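A.B. asks: Got a sequence here, can you model it:
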Amino acid sequence: MDFPPNRGFDQEEVDEHVADAIENNEVVLFMKGNELMPQCGYSQRALELIATHREEFETVDVLESLAEYRAALEEHSGWETIPQTFVDGEFVGGSDVLAELEERGELAATLGAEE
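C.D. replies: Numbering: from 1, shown residues only. Here you go, the predicted structure:
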């Protein structure tokens, strides 16, 4: 049985999607997989940390066009690693940075969570 290759998205489509997601969401997590099925441990950890403090946030699955998402995200953050979290349009970091903020008791405030 043959499976058709992933079509993916072209760079311009991904650039627009990334810019739109960052601009129009208070908190957005670019991750491998989705909230129901994270596809890497780092993405799962970032998802869990954010979900601890916020009920509503956006996730974007980058796997269908990983190379294009890496390039687009690097333009916004200076990093090409995934996952990446943005709050109010500003880059916060990946799962390691979220974990550090959580350890210091600063993650809820960073995410704009109402305690």
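
A.B. asks: So for the residue positioned nearest the centre of the chain, what pLDDT did the model give?
C.D. replies: Central residue check for the chain by CA atoms, centre = their mean: the C-alpha nearest the mean position is that of F30, 1.9 Å away. F30 is assigned 98 on the pLDDT scale.

A.B. asks: Give me the sheet partners of the helix or strand hosting it and which way each runs.
C.D. replies: For F30, the enclosing helix or strand under DSSP states H and E is strand 27-31. Strand pairing for strand 27-31, using DSSP bridges, gives strand 58-61 (parallel), strand 84-87 (antiparallel).

A.B. asks: Including mean pLDDT and distance to S95, could these go into a markdown table?
C.D. replies: (Each C-beta comes from the backbone N, C-alpha and C, glycine too.) As requested, the strands paired with strand 27-31 are arranged in a markdown table below (pLDDT from 0 to 100; distance: least, CB to CB, whole Å):
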| stretch | mean pLDDT | distance to S95 |
| --- | --- | --- |
| strand 58-61 | 97 | 13 |
| strand 84-87 | 98 | 8 |
